[in-house]
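Trainee: here's a sequence, model it:
(4 chains)
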Protein chains: 2
Amino acid sequence: MSNLLTTSDEILTSARTLIMSGGYNGFSYADIAGVVGIRKASIHHHFPSKVDLVRTLVERYREDAEVGIAALEHNVQDPLELLKAYAAHWANCIEDASRPFCVCALLASELPALPPEVAGEVKAFFRFLSAWLTSVMERGSREGALNLSSQPRVEAEAFMASVHGAMLSARAYGTPEVFPAILAPTLQRLSPTVAQ
Amino acid sequence: MSNLLTTSDEILTSARTLIMSGGYNGFSYADIAGVVGIRKASIHHHFPSKVDLVRTLVERYREDAEVGIAALEHNVQDPLELLKAYAAHWANCIEDASRPFCVCALLASELPALPPEVAGEVKAFFRFLSAWLTSVMERGSREGALNLSSQPRVEAEAFMASVHGAMLSARAYGTPEVFPAILAPTLQRLSPTVAQ
DNA sequence: GACAGCCTCCCTACCAGAAGGTAGACAGTG
DNA sequence: CACTGTCTACCTTCTGGTAGGGAGGCTGTC
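Mentor: Model prediction:
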């Protein structure tokens, strides 16, 4: 029987969901076993240790993000629209509660307590995201498609921080609408049409 | 022998430090016992359960914040300076690694997996902080001391999100300077002297 | 002043369950 | 036969938590 999803994928998916709600120490092999419908020991066949599992998960998460962003860049050219699309992506995820939090943002908050291998992957994700946003800001600045008040690098970091902080607030208030509400003024400020 | 700090305070302090690095599930009674120099069972005398301990901790954290902010409001009148002082407070905490992360921001990220009593306290902290920042924004807008581009409430939420997101980035990159660098443009934009 | 009673704080010893992980057997497939 | 994936059974360590006892300090009463 050819399954659409391999067991290994199912394990990663359920682990991602569990991490998104409680972080690295917030889930166990037993939790995954319960969700996937498999025995605890069988998980070790796919991922010998918890570190292996989460490192793979974050690695995969970054790869998926790279693919997603490449696709986004292919469909959308305008830098401001790219940023809007990125924000809208997260707004949707939070709205329908499918992926209400960025795995790496959550793991970053508990970085000091993370196994080094996982911590390294999380840091790599931040560097990747930051690099992409910086490239968008740079191009937007060059083409006059974005209204920057600081260096592209700084604007990129500030934008990323806003997104992560807004996720946190949406979670704290329990109201998804908070996320787009926080991002809206940031996006408006970056818009060239309303420049001074 | 009159101790300056009660054992109960020492427990709370070490628990706070431990939570700041790994979150709710990132520490145990044994960890605290090791730091304080007491036996595990003795902690239960002061805090019957882990939920009691962390709930008290967050409660106390909010009370301390209320006192600190009242003192700040007493010393500083100008709204922009208040926001700068608030940002500077965190910049210092991150710089000298004394309190490199807001306990509530960290706990908020794992909210869905938190015991309800703790979750309630964390949410209360967010409401409190948001209310204060909104009041600062409102007054700044009224007095012309702040240059707002949105409603005070929205500006307050955006500011708070920036602070939390910047904390996350500082942790992810492992470089404290990132925090003030991210906050600087936000504070500059709020400054009335550079208004259009 | 003596002393009984109580209270606070910490201790040792223990518990049940959950944690991550291992060993080895079995079934199905190429 | 070898390989893959799952299973049962088991291990060790850690988890939050409990029971009960002992030392020391207050206080009320004779």
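Trainee: going forward, measure contacts and count neighbours with C-alpha atoms only.
Mentor: OK.
Trainee: give me the number of residues near A:Q151?
Mentor: 13 (other C-alpha atoms under 10 Å in any protein chain shown).
Trainee: how about it, what does it touch?
Mentor: For A:Q151, the contact set (C-alpha atoms under 8 Å, 6 or more residues apart in numbering or on different chains) is empty.
Trainee: list phi and psi for it.
Mentor: phi -60, psi 150 (degrees, to the nearest 10).
Trainee: pLDDT score assigned to it?
Mentor: pLDDT, A:Q151: 97.
Trainee: tell me how far it lies from B:A181.
Mentor: Separation of A:Q151 from B:A181 (C-alpha to C-alpha, to the nearest Å): 11 Å.
Trainee: skip the chain neighbours and tell me the closest residue to A:L190.
Mentor: Nearest in space to A:L190, with sequence neighbours left out and distances taken as C-alpha to C-alpha, 6 or more residues apart in numbering or on different chains, is A:N147 at 4.8 Å.
Trainee: if I pick the one you found, what's in contact with it?
Mentor: A:G140, A:S141, A:R189, A:L190, A:S191, A:P192, A:A195.
Trainee: which secondary structure element contains the first one?
Mentor: When elements are defined using DSSP states H and E, A:G140 is found to belong to helix A:116-143.
Trainee: circling back to that earlier point, now a PyMOL select for only the buried ones of the contacts of A:N147.
Mentor: A single PyMOL command is used to select the members of the contacts of A:N147 judged buried by 16 or more other C-alpha atoms under 10 Å in any protein chain shown:
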select buried, chain A and resi 140+141+189+190+191+192
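Trainee: in helices, which of the contacts of A:N147 fall?
Mentor: Among those, the members falling in helices are A:G140, A:S141, A:R189, A:L190 (criterion: DSSP state H).
Trainee: list the residues that contact the last one.
Mentor: In other words, A:L190. Counting by C-alpha under 8 Å, 6+ apart, A:L190 has contacts A:L80, A:L146, A:N147, A:L148.
Trainee: how close does it sit to chain B?
Mentor: 12 Å (C-alpha to the nearest C-alpha, to the nearest Å).
Trainee: with the first one instead?
Mentor: In this view, A:G140 and chain B are 18 Å apart by C-alpha to the nearest C-alpha.
Trainee: pretty sure that residue sits against A:L80.
Mentor: Yes: when contacts are counted by C-alpha atoms under 8 Å, A:G140 is listed as touching A:L80 (7.3 Å).
Trainee: mind listing the shared neighbours of the two?
Mentor: Going by C-alpha under 8 Å, 6+ apart, residues that sit against A:G140 and also against A:L80 are A:L146.
Trainee: what about the residue nearest to A:L190, which SS state?
Mentor: At A:N147, secondary structure determined by DSSP: H, G, I helix; E, B strand; the rest coil is coil.
Trainee: give me phi/psi at it?
Mentor: Dihedral angles for A:N147 - degrees, to the nearest 10 - are phi -100, psi 90.
Trainee: any chance you could read off phi and psi for the residue positioned nearest the centre of chain A?
Mentor: Chain A has A:C102 as the residue nearest its centroid, 3.6 Å off, counting by C-alpha atoms, centre = their mean. Note on A:C102: backbone dihedrals following degrees, to the nearest 10 are phi -70, psi 120.
Trainee: just to revisit the earlier point, tell me the one among the contacts of A:N147 nearest to DNA strand C.
Mentor: For the contacts of A:N147, the closest approach to DNA strand C (C-alpha to the nearest atom of the strand) belongs to A:L190, at 43.0 Å.
Trainee: now for the residue lying closest to A:V35 once chain neighbours are set aside: which residues touch it?
Mentor: Once flanking residues are discounted, A:V35 sits nearest to A:S14: 6.9 Å by C-alpha to C-alpha, 6+ apart. A:S14 is in contact with A:I32, A:V35, A:V36, counting by C-alpha under 8 Å, 6+ apart.
Trainee: which SSE is A:S14 in?
Mentor: helix A:7-22.
Trainee: touching DNA strand C at all, that helix?
Mentor: No: contact of helix A:7-22 with DNA strand C (C-alpha under 7 Å from any atom of the strand) is absent, the minimum separation being 10.6 Å.
Trainee: and that helix, does that touch DNA strand D?
Mentor: Yes: interface with DNA strand D: helix A:7-22 contributes A:T7, A:S8 (C-alpha under 7 Å from any atom of the strand).
Trainee: buried residues in whichever helix or strand comes after that helix, which are they?
Mentor: As assigned by DSSP H and E, the chain's next helix or strand after helix A:7-22 is helix A:29-36. Within helix A:29-36, the residues scored as buried using 16+ other C-alpha under 10 Å are A:Y29, A:I32, A:A33, A:V36.
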